[in-house]
Structure formats: structure tokens, C-alpha cells
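Enquirer: mind looking at a prediction? Sequence and model below.
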Amino acid sequence: MRIKPEQLPHHLQKQTAPLYTIFGYEPLLIIEAADCIRSHVRQQGYTEREIFTIDHRFNWADLLSAGNNLSLFGDRRIMDIRIPSGKPGREGGKAIETYCQTLPPDIITLISLPKIDKQGQSTKWFKALEATGTMIPVYAVERAQLPAWIGQRLSMQQQKADFDTLQFFADKVEGNLLAAHQEIKKLALLYPDGNLSFEQVKDAVLNVARYDVFKLSDAMVSANVARYHRILNGLQGEGSAPPLILATLAEQIRQLIIIRKGLDRGMAPAQLIKEARLWGDRQKTMITAAKRIGLKSLVQGLLHAAKIDKVIKGVAKGDTWEELLQLGLRFSK
């Protein structure tokens, strides 16, 4: 059974599953979900806790042995299993399947994983976890959702801010949910309950955005000029490598060309998504962008990318960062 992180408190009030698996994109939300489970089961009498951090040297027999051993004092236990790589390997996968088949009594098992891709979710060990216990997938908080997320977190500490202030806040912490959490907690220490003014938030919140090239390419295809400019400036300030940025943008343009050509031939969007190898939330955005941008503009964009490559290599004149800016702006028209 799968549940959303926000459904977890209600789920725990109704029942306690013998096995919980948390996986996903956001370390903060994974930590919070795990803390919620641990706190609840401690109140249910599971006072003893064993932590297993899995790496390539881990002996999986130790995990199975620990599950079968009785507690020294007869206490109920929490088995806290952490797999940072998300890849237990062949031996680990079989051990997890065996563990799921013979869940030890008087033990709550909590397994924490990072993001697991589609291929990983199709493995036998992952399916065994899902079939045996309760699974909590944790998805990234997208930029469009971030202001509301910040507002909800502020309300939990009896504070609130208007729409423009939340948008400003989101700009400053984009892509860094842990930093956003810290800044929200800081506002609780600095100011009393009630409304927060724009000036109060502006004075308190640091510019802790973590920019990345994938968010830059998303801003490009969605024609969000202000966001594209802001992220590009952030990448330049962080010393990001222009070849990596260009490669990501060029690949996005190639995917748009594949989709646009297919749409012009009357192909179904679902078929084009597969052909362009698009996954997740980007599918709808890319289809929309391909419908909006003409094939000629896309080809010209790819030629522009080739020119920027020559500028980066020093065989053509120009300012790399200005050219990257102009490449993004050409798709906003």
C-alpha cells in the first residue's frame, strides 16, 4: 500500500504497519516522515532501536540474524534500515525478499531509501517491500508548489505572509528545501505570531537557492524569462561549467525537435513521449512547448547552441554567458 507523506499521521492513528518504506527526492521530507513513524511507535512501546546503514561491506546475514534474535530485555524494537545508495545488490535484494517473507514479531521495520527510478521500482526486492508493508513515496516540491508549501509551514508556527512575499521567499530558497525549512524556523525566532511583512521576510531570509541546470532547462521550455535569467545568474555565480549547461539545454532542444516533428506528422503525444525519452512531470511541459514553438525556431536554437559550443572552446568570438542567456530568450517569443 502506498500513502502520501501528508496522510501518514492519520494512517498511524488508525493502524501501525509492521514495515514502512520511505523513498524519494527530498531529504527533509524523508527525515520528517521517518521521525513521525519513530515517534509514534515509541509511544506504542517500541522503545529499543537498532540502526543498520547499508554499504558495499555490509553483511546481510547480520540483518536477518538481528530480526530473529529476541530482545535482551524483551522490549519491542524498531529496525531502522538505511540504504543511501538505493541499490542493495543481488545478495541484498534476496535478503530483503527473505526478510519480507518472515517479518519478525514485535518489531517495526523502517527502511529509508533515496530516489528509486522506474527500473529500480520493478525489482523483486522493491516489489516485496511494497507488497508487505506501507510505502511512502516522497516527491520533490516543484517551484509552482513552493509558495504554498512555505505558507503551510508558516501557518504551523502561527505565522503567515501574503502572496508576493511567499513568491519572493520561494525565489530565495528554490531547490533547497532544507534551507527553506531553516529559514522558516528562523522567522519563528525573529518575529511573533501573526502576519509577516515583506520587509521582515526580506531582511531575514538569505539567498540560499540551489540552482541546477535542469531547472534552467525547465525555465527555458516553459518560457519563464525571469526564472531563466535568475537561475543562469545563479549558475554563473556558483562557477558552474558552461559545457554542462549547454549540453543540457541542447539535449532539451533535440527532444523538442523530435516531438515537434512527430506532432506535425500527426503522431500521438504518448508515442512521442516514449520516443523522446521523457519521464515524470516534464512530459506535459515538453508537449506544450513543442506545440508552441515552431520547428524552424527549434532548429535555429540548435544552431545557436553549436555556435555557443565554439565560443566556449575559444574558436569563435562572444561572451558565453550572454549567448546562453540569448539562447533561452529565443524560446520565450
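Expert: Received it, and whenever you're ready, just let me know what you need.

Enquirer: drop to CA atoms for contacts and neighbour counts, all remaining ones
Expert: Fine.

Enquirer: so Thr21, which state does it fall into?
Expert: What DSSP: H, G, I helix; E, B strand; the rest coil gives for Thr21 is strand.

Enquirer: what about it, neighbour count?
Expert: Residues within reach of Thr21, counting by other C-alpha atoms under 10 Å, total 22.

Enquirer: who touches it in this structure?
Expert: Counting by C-alpha atoms under 8 Å, 6 or more residues apart in numbering, Thr21 touches Leu110, Ile111, Ser112, Leu113, Leu129, Glu130, Gly133, Thr134, Met135, Ile136.

Enquirer: could you rerun that using 7 Å?
Expert: Thr21 makes contact with Leu110, Ile111, Ser112, Leu129, Thr134, Met135, Ile136 under the criterion C-alpha atoms under 7 Å, 6 or more residues apart in numbering.

Enquirer: ok, Ile3 next?
Expert: If you count contacts by C-alpha under 7 Å, 6+ apart, then Ile3 has Met135, Ile136 around it.

Enquirer: what of Leu166?
Expert: Contacts of Leu166 by C-alpha under 7 Å, 6+ apart are Pro147, Ile150, Gly151.

Enquirer: try it again at 10 Å.
Expert: Residues in contact with Leu166 (C-alpha atoms under 10 Å, 6 or more residues apart in numbering) are Leu146, Pro147, Ala148, Trp149, Ile150, Gly151, Lys160, Lys172, Phe198, Val201.

Enquirer: do you know the pLDDT at it?
Expert: We have a pLDDT of 94 for Leu166.

Enquirer: how is Ile78 assigned, secondary-structure-wise?
Expert: Ile78 ends up strand, using three-state DSSP.

Enquirer: okay, now the domains of the chain?
Expert: 5-138, 146-204, 213-329 (automatic domain parsing).

Enquirer: take the contacts of Thr21 and lay them out in TSV including secondary structure and pLDDT.
Expert: TSV is the format used below for these (DSSP: H, G, I helix; E, B strand; the rest coil; pLDDT from 0 to 100):
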residue	secondary structure	pLDDT
Leu110	strand	97
Ile111	strand	96
Ser112	strand	96
Leu129	helix	96
Thr134	strand	96
Met135	strand	97
Ile136	strand	97
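
Enquirer: which two among these are spaced furthest apart?
Expert: Ser112 and Thr134 (12.2 Å; C-alpha to C-alpha).

Enquirer: which residue is the nearest non-sequential neighbour of Thr16?
Expert: Nearest residue to Thr16, sequence neighbours excluded (C-alpha to C-alpha, 6 or more residues apart in numbering): Val41, at 7.8 Å.

Enquirer: which helices and strands sit right next to the helix or strand hosting that neighbour?
Expert: Assigned by DSSP states H and E, Val41 belongs to helix 27-43. Under the contact criterion of 3 or more C-alpha pairs under 10 Å, 6 or more residues apart in numbering; DSSP states H and E, helix 27-43 touches helix 8-14, strand 19-24, strand 48-53, strand 77-82, strand 107-113, strand 134-138, helix 177-190.
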